[in-house]
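> A predicted structure for the sequence below; I have some questions about it.
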Amino acid sequence: MADFAPSSVIPSSGGNIGMEPLLDNLKLDDKNLQVGKEKRALGYRPHFPIILIPGFASSSLEAWETPEESWYRERVWVSVSKLSKKIFLDPTQTVKSAFNSVKNKVRSRSSSLDSSHQEAPSLLNANEEETWVKHISLKSDGFSDPEGIKLRPMDGLRGVDHLNRSKPHKTRTTVFGKLIKNLADIGYDSNNLNASPYDWRLSPIHLQERDGYFTKLKYQISVLRKTNGNRVILICHSMGYKVLQYFLWWIHKRHPTWIAKNIENVIGVGAPCLGAPRLLRSVITGWRNGLELFLKKDEMKYMTRSFGSVPLLFPHGSSYTFNLRENEHGRRKYKRIDMEEALKLSGAHQTWNYFTEYYEKDDLYLGSLSKQEPFAKQQKESPDVLEIDGVNWDYVLLDSLEQYDQIPLTLKPPPVPKLTLIYGVGLDTEVSYIFKSKSEGKLHLDRKGDKLPSNGGYFSKGGIIYETEKTSQRIFNFLRASDNNPSDTIREESVQRSGDGSVPYSSLNFYQRFCGRYGTDPLIPEIQMIEVPGAEHRMLLQDQTFLNLVIDMVSKRQPSGDMNSSPESQ
């Protein structure tokens, strides 16, 4: 394999499902449940203690304060019955009839929400959906609880296995449930396997300020290491990687030797190293991601615009742009707009304010480097858009190659001994959008933009620009000086790849450029990158290849004579 290809390419075991809405039916392969049992029969037993860290909207939230008495200490994220009890009163009601009844109800009621995210005190006296939205939403500062409401993440493994534990929805809201079950099959239990749920609505600084999250995580890791005698492996999914990356720089600044003493490996699953645009679609247009039965678009915008965590998933780089349709003399034309302009044109000023207040000024994120490329806003005028292409990450891909010390911490690999990135490839993945503006403060996807000619393997459908398995991608690799290579060099290769259905390939593969730098800087980890063809972003957590990989990394195979001994005796 060429030096500049991903270090490992693993054949997929399947699980090729498009990005799943939250409550869609998931067709799971029952064989996934047997991986742990098969590995146990081969002698695999727990070795490294493990902590699981979930992604965006993947920690269950329960109500500690609420005007709804029956909701106290109950799951609110995610509870389908709290979203709309009426759908489930009649057990004979079909999904189709339920959809029609809710659709008619949504059309008939007037919105009591201001999509620019202002306080809505009348919300609690309305219906179930609006009451639920009020509970999930935060105040306009992006971190404070609404008056009389307090949601907090559930503790431990029960907060990250399934978002809803009722029988009709348990399987469909699985997060780490399958991984936990397979780890238990080889002997893991609560003494060496734990989770660290968090309030995924908050920015990193407020996770610490309000909840002391990073202090608790440090303690949790230390206890597992001391009680098990081995360093801890951290497994994080999606945005959970960004949260963990922040924690690792946070702890490094305070205790430089702590990481080497306590952490063995970080396994990032579907890690959005450069962010991902998908959440912005909800913020800008009100895309409901499977909650169409329950929420109006304005309610989704109201809710997501209250989350201070959204900028943590912003696509990085000033060259990251969207397309906006303009009508000039009866003729359609398109221009490029950046994230700031898109958010403000859609009425999401507050989301941009979260970025400037909670991220740009944070030394553990951008800090003093925020005004430099690849983050400084481009001042030059963008030419008219004539075709659908993939220019979005050009600057950040190029500018992060040189001067490693000048890269913001949010783009650097965390200072851990080992970093393993596992991600799916080969699925159509949205990378940008074509918008139109019908009224002030609102942007809509522009289907007519689909008629623009495409270039480089991209296509547009419904105003959403996708990369495909035929899309040309730029891979960079750092090659150290050797007998055959007199000086350090950076090689570039063009490959045809796409992301995992949620995170674009450039974001998943970004750390490829740092693999060869191991040993040149004590803070650069040994990086292994593993691509799983056909594995979708969330379904990767249930993929047979993934389960095999994780068990191999966290366990130790016993000699044949010890295979029949119980895990307690190991």
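The structure has been received and is ready for your questions. Numbering: from 1, shown residues only.
> contacting residues around the residue lying closest to Gly463 once chain neighbours are set aside?
Leaving out its chain neighbours, the residue that sits closest to Gly463 by CB to CB, 6 or more residues apart in numbering is Leu445, at 3.0 Å. For glycine as for every other residue, the C-beta is placed from the backbone atoms N, C-alpha and C. Counting by CB atoms under 8 Å, 6 or more residues apart in numbering, Leu445 makes contact with Thr285, Tyr433, Ile434, Phe435, Lys436, Gly462, Gly463, Ile464.
> right, and the pair among those with maximum separation?
The most widely separated members of the contacts of Leu445, counting by CB to CB, are Lys436 and Ile464 (13.2 Å).
> Make JSON lines out of the contacts of Leu445 and add pLDDT, neighbour count and distance to Val266.
Shown next, in JSON lines, are the contacts of Leu445 (pLDDT from 0 to 100; neighbours: other CB atoms under 10 Å; distance: CB to CB, whole Å):
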{"residue": "Thr285", "pLDDT": "95", "neighbour count": "19", "distance to Val266": "34"}
{"residue": "Tyr433", "pLDDT": "93", "neighbour count": "25", "distance to Val266": "32"}
{"residue": "Ile434", "pLDDT": "93", "neighbour count": "24", "distance to Val266": "37"}
{"residue": "Phe435", "pLDDT": "95", "neighbour count": "23", "distance to Val266": "37"}
{"residue": "Lys436", "pLDDT": "93", "neighbour count": "20", "distance to Val266": "42"}
{"residue": "Gly462", "pLDDT": "95", "neighbour count": "11", "distance to Val266": "37"}
{"residue": "Gly463", "pLDDT": "94", "neighbour count": "23", "distance to Val266": "36"}
{"residue": "Ile464", "pLDDT": "94", "neighbour count": "21", "distance to Val266": "32"}
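> Inside helices: which ones of those residues?
Judged by DSSP state H, the contacts of Leu445 include Thr285 as members of helices.
> And Ser59, how far from Leu541?
14 Å (CB to CB, to the nearest Å).
> These two: who's more crowded?
Leu541 (29 against 25; other CB atoms under 10 Å).
> What is the neighbour count of Ser439?
8.
> And the helices in the stretch 201-350 of the chain, which stretches?
204-211, 213-228, 239-254, 258-262, 278-285, 297-304, 339-345, 349-358 (DSSP state H, counting those that start in this stretch).
> nearest to Tyr458, of those helices?
helix 278-285 (16.0 Å).
> How far away from the center of its chain is that closest one?
Offset of helix 278-285 from its chain centre (CA atoms, centre = their mean, to the nearest Å): 14 Å.
> Pull out the C-alpha coordinates of that helix and format them as CSV.
Taking Å, rounded to 0.1, in the frame of the first residue of the first chain, the C-alpha atoms of helix 278-285 are listed here in CSV:
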residue,chain,number,x,y,z
ARG,A,278,-25.4,18.4,8.7
LEU,A,279,-26.5,20.0,12.0
LEU,A,280,-26.4,23.4,10.4
ARG,A,281,-29.2,22.2,8.1
SER,A,282,-31.4,22.0,11.2
VAL,A,283,-30.3,25.3,12.5
ILE,A,284,-30.7,27.1,9.2
THR,A,285,-33.8,25.5,7.6
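> tell me the angle of that helix relative to helix 239-254?
Between helix 278-285 and helix 239-254, the angle comes out at 110 degrees (axes from the mean of the first three to the mean of the last three CA atoms, to 10 degrees).
> Any stretches of the stretch 401-550 of the chain with poor pLDDT?
Residue ranges of the stretch 401-550 of the chain with pLDDT under 70: 401-402, 483, 485.
> Please verify my assumption that Ser432 contacts Thr321.
Yes - counting by CB atoms under 8 Å, Thr321 is a contact partner of Ser432 at 7.2 Å.
> Compare those two and say which one has the larger neighbour count.
Looking at Ser432 and Thr321 with other CB under 10 Å, you find the greater number of neighbours at Ser432, namely 26 against 22.
> any idea how far the more buried one lies from Leu541?
27 Å.
> Kindly report the same for Lys451.
In terms of CB to CB, Lys451 sits 38 Å off from Leu541.
> can you check Gly229 too?
Taking CB to CB, one finds Gly229 at 28 Å from Leu541.
> go on, Gly499?
From Gly499 over to Leu541 (counting by CB to CB), the distance is 16 Å.
> How about the contacts made by Lys170?
His162, Asn164, Gly177.
> could you pull out the strands for the stretch 301-450 of the chain?
321-328, 331-338, 418-425, 429-436, 444-445 (DSSP state E, counting those that start in this stretch).
> so which of the ones you listed comes closest to Leu274?
Once the strands of the stretch 301-450 of the chain are compared by CB to CB, strand 429-436 is nearest, at 11.0 Å.
> My read is that Val35 contacts Asn182, right?
Yes - with contact defined as CB under 8 Å, Val35 and Asn182 form a contacting pair (5.1 Å).
> what sits in contact with each of those two?
Jointly contacting Val35 and Asn182 under the rule CB under 8 Å, 6+ apart are Leu547, Ile551.
> Now do stretch 244-253: everything it contacts.
By CB under 8 Å, 6+ apart, stretch 244-253 touches 53, 204, 208, 214, 217-218, 234, 236, 258-259, 263, 266, 268, 364-365, 409-410, 414-416, 523.
> My understanding was that Glu469 contacts Gly424; is that so?
No - assessed by CB under 8 Å, Glu469 is found out of contact with Gly424, at 11.5 Å.
> Please identify which of the two sits among more neighbours.
Remark: of Glu469 and Gly424, Gly424 carries more neighbours, 32 against 17, as counted by other CB under 10 Å.
> List the contacts of that one.
Gly424 touches 12, 270, 499-501, 531-537, 540, 543, counting by CB under 8 Å, 6+ apart.
> Contacts only, for Trp352.
Per CB under 8 Å, 6+ apart, neighbours of Trp352: Met339, Glu340, Leu343, Lys344.
> Any of these buried? List them.
Met339, Leu343 (16 or more other CB atoms under 10 Å).
> Kindly present the contacts of Trp352 as CSV, with separate columns for distance to Phe514.
CSV is the format used below for those (distance: CB to CB, whole Å):
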residue, distance to Phe514
Met339, 25
Glu340, 28
Leu343, 30
Lys344, 34
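> which one of the contacts of Trp352 is nearest Asp141?
Leu343 (16.8 Å).
> was I right about the closest one contacting Val283?
Yes - in this structure, Leu343 is within contact of Val283 by CB under 8 Å, at 7.1 Å.
> any shared contact partners between the two?
Thr351.
> what's the nearest residue to Pro415 once chain neighbours are set aside in contact with, if anything?
Once flanking residues are discounted, Pro415 sits nearest to Leu523: 4.2 Å by CB to CB, 6+ apart. Counting by CB under 8 Å, 6+ apart, Leu523 makes contact with His252, Lys412, Pro415.
> looking at these, which has the most residues close by?
Pro415 (22 neighbours).
> does that residue really touch Ile263, like I thought?
No - using CB under 8 Å, Pro415 is not in contact with Ile263; the gap is 9.7 Å.
> Quick one: neighbours of Ser79, just the number.
Neighbours around Ser79, by other CB under 10 Å: 21.
> Ignore what I typed, I meant Tyr188.
Around Tyr188 there are 23 residues (other CB under 10 Å).
> Contact partners for it?
Taking CB under 8 Å, 6+ apart as the definition, contacts of Tyr188 comprise Pro46, Ile50.
> go on, the one 3 residues further on?
If you count contacts by CB under 8 Å, 6+ apart, Asn191 has them with Thr227, Asn228.
> One more pass at 7 Å, please.
Counting by CB atoms under 7 Å, 6 or more residues apart in numbering, Asn191 touches Thr227.
> Same check on Leu295?
Glu129, Val133, Arg288.
> Save the residues you listed as JSON lines, and put in pLDDT too.
Below are the contacts of Leu295 laid out as JSON lines (pLDDT from 0 to 100):
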{"residue": "Glu129", "pLDDT": "74"}
{"residue": "Val133", "pLDDT": "92"}
{"residue": "Arg288", "pLDDT": "89"}
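> I'd like to know which of those residues are buried.
Applying 16+ other CB under 10 Å to the contacts of Leu295 flags Glu129, Val133, Arg288 as buried.
> Having no further points to raise, I will conclude here.
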